[in-house]
Each structure stands twice: as C-alpha cells, then as structure tokens.
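any chance you could fold what I've pasted below:
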Amino acid sequence: MTSWFVKKRQQKTAVEERTVRVPEGLWIKCDACKELIYRKELVNTHNVCPKCGYHFRIDVSERLENLLDLGWTTLFDNLRSTDPLGFVAAKAYKDQLKKLEADGQTQDAVVVVEGTISGHPVVAAIMNFDFLAASMGSVVGEKLRLGAERALEKQCAYLIVSCSGGARMQEGTLSLMQMAKVSAALAKLDKAGLPYLSILTDPTTGGVSASYAMLGDLNIAEPKALIGFAGPRVIEQTIKQSLPEGFQRSEFLQAHGMVDRVVTRDRLKDFVTACLEWMLPARD
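Numbers count the residues shown, from 1 in each chain. Next up, the predicted model:
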C-alpha cells in the first residue's frame, strides 16, 4: 500500500538531449547541386556556388558593384509605368505598380547608369528581375532607348545586362513596340561605330531575347543561363520531338553560334575591360 504514495525518481541520462536552433538565413541551398552553402561564403564568390559553380541570381546593386567602378550616376530615374490599357486580371496592374513603389522599387524593371569600367566610360542598363520579372514595358523600352542616346552623345560603349521573362503582357502591343524602338536606337550606335555589349544572365527569354538581348556586337552569357524565346516544354509540344540535353543554355547557344562567349561572373569585368580596350579607340 505504501508504494502507491512513493514518488519514483526518473533516471537521468548521461547526456541530456539538446535542441540546437540555427538562425534563419545563415545557410542557402544551391538550386543545382542541392548542397547547403554558408551564406557569407557566397559574398567571396560573387554569389556563385563554390561546390558546383551555379550562378545565383543577383540584384541590381550587386551587379553594379561587380561590373562597374565606384562612382556611377543613375539616369532617367523619374520615369514611371502607368496602366494605359486599364489591365485587370487576378491582380490589377496599377495595384501591382503601387505596391512595388511602396516597397522601394522606384526604378521600374531596368536601372540605367553612367560610369566607368576599369576607367572606360560606359552607359550601362541593368535589368531588375524583382520588378515583375524584369518584364519589358513602355518605361523599360524608353529608358533603354535613352541609354543608347546617352552613349551616342558621350561617344562611349553601351552595355545591357538582361535578365527578363520577356514582354510585359499588361501593356499588350505597347510592350511589343519596345522591341523595335530599342533595336532602332542600337542601330544608331552601330552606325556611329560605338560598341554595344549584351550580357545575358538567367533567365533571358521572350521578347527581350528576340530583340536587343541578341543584337550585341558581342553577346556574352553567364554559365548555364536559360536563354531563349519560348520555354522548352512549349517547343517540345509544338514540334512533337524531344530536345537535346542542355538546350537553351549558354553553352549550347555558344556551340551553335548564338552566343560569342560564356564567362564566369568572377571574370566578367576583366573580360569586358579587354573587349572595350580592343573595340574602342586608344585613349589620350
């Protein structure tokens, strides 16, 4: 009877179990090799996986820091997209634009700057995938045209770093018109003998790849970037055939003459510098 009222002591284990909590954001999984990478390690590798060489997508500020010398000036930052067609879908276009601007996305889907690369004056346009997948709308086309005009005025090279899902469907035909407008502006640079370098990153698709992204005097791509017009699945369904391995990737396009050179991110600035030294007249 007395044993009913005796509290039995639980035996303590030699090593108590402890839960280790890892702060969020310290590690990131590589989309290619699926390995975990210490996020701070990516700072030293230009956001390239140190295990397999996968190039993570980077934002505009990181791209500018990696490619241009310090001291660039932003151009045409007063232009804003409107809703010319009164587009209404699951989310109204004008509401999307308001939210993006409230979140600090005030440059639309492309940032145009004037600066230097290893001392060479350039005008550079960097597409911003965080703004509606860097879709090409009227403001994007106008800023790219103005960038070409600025390069013509300054008699310097023009660079466009493309990363886009293509034309902006919310602007319909107005978006498609930008393909011709930007291409015409680039033709003026060609006539003036000024170099236009197109840098293709992952992804570069749709109307962007079908126009200015593939019109460079040199088309330079990052490794394994997806570059094409329609997606591989759409093409397979259309032609009823399986596509070759690596189709629409940088290396495949280089092998078939669509891309001039595939360059890793850590060598991109040096490669562009060498191209500018070769393509531009000697400086005094």
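
for the longest strand seen in the chain, the averaged confidence score.
Longest strand in the chain by number of residues (criterion: DSSP state E): strand 196-205. The average pLDDT for strand 196-205 rounds to 97.

how far does that strand sit from its chain's centre?
Centroid separation between strand 196-205 and its chain, computed with CA atoms, centre = their mean, to the nearest Å, is 8 Å.

tell me the helix or strand right after it.
helix 206-209 (DSSP states H and E).

direction included, what does the longest strand of the chain pair up with?
Using DSSP bridges, the strands paired with strand 196-205 are strand 157-164 (parallel), strand 218-221 (parallel), strand 227-228 (parallel).

can I get the longest one in PDB? Just the C-alpha atoms.
Put plainly, it is strand 157-164. Output of strand 157-164 as PDB, limited to C-alpha atoms (Å, rounded to 0.1, in the frame of the first residue of the first chain):
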ATOM      1  CA  ALA A 157      30.200  52.000 -75.100                       C
ATOM      2  CA  TYR A 158      26.700  50.800 -74.200                       C
ATOM      3  CA  LEU A 159      26.000  47.700 -72.100                       C
ATOM      4  CA  ILE A 160      22.800  46.000 -71.300                       C
ATOM      5  CA  VAL A 161      22.600  43.200 -68.700                       C
ATOM      6  CA  SER A 162      19.500  41.200 -69.500                       C
ATOM      7  CA  CYS A 163      17.500  39.100 -67.000                       C
ATOM      8  CA  SER A 164      13.900  39.000 -68.000                       C
END
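
export the strands paired with strand 196-205 to a markdown table and tack on mean neighbour count, mean pLDDT and distance to residue 181?
Placement of C-beta: from N, CA and C, glycine included. Listed next are the strands paired with strand 196-205 as a markdown table, based on neighbours: other CB atoms under 10 Å; pLDDT from 0 to 100; distance: least, CB to CB, whole Å:
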| stretch | mean neighbour count | mean pLDDT | distance to residue 181 |
| --- | --- | --- | --- |
| strand 157-164 | 26 | 98 | 14 |
| strand 218-221 | 22 | 98 | 20 |
| strand 227-228 | 23 | 95 | 22 |
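
for these, give me a markdown table that also has distance to residue 62.
Listed next are the strands paired with strand 196-205 as a markdown table, based on distance: least, CB to CB, whole Å:
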| stretch | distance to residue 62 |
| --- | --- |
| strand 157-164 | 11 |
| strand 218-221 | 18 |
| strand 227-228 | 21 |
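
can you say which of the ones you listed is nearest to residue 51?
The closest of these to residue 51 is strand 218-221. By CB to CB, the value is 21.5 Å.

can you pull the poorly scored residue ranges out of the stretch 151-284 of the chain?
Flagging of the stretch 151-284 of the chain using pLDDT under 70 yields the residue ranges 282-284.

buried stuff in the longest strand of the chain?
For strand 196-205, burial by neighbour count (16 or more other CB atoms under 10 Å) applies to 196-205.

so for residue 268, what's the nearest residue that isn't a sequence neighbour?
Taking CB to CB, 6 or more residues apart in numbering, and ignoring the residues beside it in sequence, residue 268 has residue 67 as its nearest neighbour in space, at 6.5 Å.

ditto for residue 85
Nearest non-adjacent residue to residue 85, counting by CB to CB, 6+ apart: residue 172, 5.5 Å away.

now that neighbour: how far from residue 99?
Taking CB to CB, to the nearest Å as the measure, residue 172 falls 21 Å from residue 99.

may I ask which helix or strand encompasses the residue lying closest to residue 83 once chain neighbours are set aside?
Take residue 83 and drop its neighbours on the chain: the residue closest to it by CB to CB, 6+ apart is residue 94, 4.2 Å away. Here residue 94 sits within helix 93-102, counting by DSSP H and E.

so which elements touch that helix?
Packed against helix 93-102 by the contact rule (3 or more CB pairs under 8 Å, 6 or more residues apart in numbering; DSSP states H and E) you find no helix or strand.
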